[in-house]
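Asker: from the sequence below, what's the structure:
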Amino acid sequence: MVTSYEAFSVLLLLLPGLFGFFLMNAMSDVKVKGTVETLSWILFFTIATQLLSIWIAGEGFFPKLAGATDIETEQNYVQYIKTLPPAPFVIAGLLAFAFAVIKNNSLSYQFINLFNLTKRVSDRTAWAEAFSENQGVWVAVRFKDGTTLVGWPKYYSDRDDDADAQLMLADATWHVPGAESKTFVPNSSVTVEEYPVKSVLLADLKDVIAIEFMEA
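Answerer: Numbers count the residues shown, from 1 in each chain. This next block holds a predicted model:
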């Protein structure tokens, strides 16, 4: 019983950190997925919340719930949960919002670049950066056999890895050449048939040569 109480106390201690991390990750364009990175962020939010709680409110978020008996400890837990202080969660939420803004706008890289310490400008991949900078425009997906798919990018995956890259186009139209064509330059000798569709999910992009962002 004592071990379970101690484990639950640790969970309560980590709650603001967990809340802050998952809120930040939900608002961030680039998601944290690795186990080590996730645990590092949770630990950071937990420590930062504690320090800010002490600085702002004059007291930390340290649940002291152990009683002289198991029954007394259970009563302490029930009472503590009923009167769970909101301050640590508010602080964790504000931290999450601040770091989401920093990540989404690459502010940390902008600061580091002032000292020429790195050439990176963003955490985003070229895939995510291209869609982020070209919001509100139609795209043309070019395939190896000369087929072109034109549509409105409704959804796109977070990552551009071969196993993860996916793209969903709405109000799409297939432009299928009558003969195999491996050039982007229109050829008058090749007839093109058009097949409009409501939407298309491209779950496998291995045959895609390029994705063009059309004029707004």
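Asker: number of residues surrounding A203?
Answerer: 10 (other Cβ atoms under 10 Å). Yep, even glycine has a C-beta here, placed from its N, CA and C like the rest.
Asker: show me what contacts L95?
Answerer: 20, 24, 45, 48-49, 52 (Cβ atoms under 8 Å, 6 or more residues apart in numbering).
Asker: hmm, try it at 6 Å
Answerer: Going by Cβ atoms under 6 Å, 6 or more residues apart in numbering, L95 touches 20, 48.
Asker: phi, psi of the most centrally placed residue in the chain?
Answerer: For the chain, K31 is the residue whose C-alpha lies nearest the centre (Cα atoms, centre = their mean; 3.0 Å). Here is the backbone geometry of K31 (degrees, to the nearest 10): phi -80, psi 140.
Asker: show me where the protein has strands.
Answerer: With strands called from DSSP state E, the chain shows them at 139-143, 148-156, 167-177, 192-202, 208-213.
Asker: quick one, which of these gets closest to V101.
Answerer: strand 148-156 (21.8 Å; Cβ to Cβ).
Asker: and the residue nearest to the centre of the chain, how far from P153?
Answerer: Remark: distance between K31 and P153 (Cβ to Cβ, to the nearest Å) = 19 Å.
Asker: returning to that earlier point: got a pLDDT number for the residue nearest to the centre of the chain?
Answerer: K31 is assigned a pLDDT of 82 by the prediction.
Asker: ok, it - contacts?
Answerer: Contacts for K31 (Cβ under 6 Å, 6+ apart) come out as 25, 158.
Asker: so for the longest helix along the chain, mean pLDDT?
Answerer: Longest helix in the chain, counting residues (DSSP state H): helix 2-27. Per-residue pLDDT over helix 2-27 has a mean of 80.
Asker: try stretch 105-120
Answerer: The model assigns stretch 105-120 a mean pLDDT of 76.
Asker: centre of the chain to that stretch, how far?
Answerer: A distance of 21 Å separates the centroid of the chain from that of stretch 105-120, by Cα atoms, centre = their mean, to the nearest Å.
Asker: one more: stretch 193-207?
Answerer: Its chain's C-alpha centre and that of stretch 193-207 lie 25 Å apart, by Cα atoms, centre = their mean.
Asker: show me which parts of it are buried, residue by residue.
Answerer: 200, 202, 205 (16 or more other Cβ atoms under 10 Å).
Asker: columns pLDDT on top of these, output as CSV?
Answerer: Formatted as CSV, the buried residues of stretch 193-207 follow (pLDDT from 0 to 100):
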residue, pLDDT
V200, 94
L202, 92
L205, 88
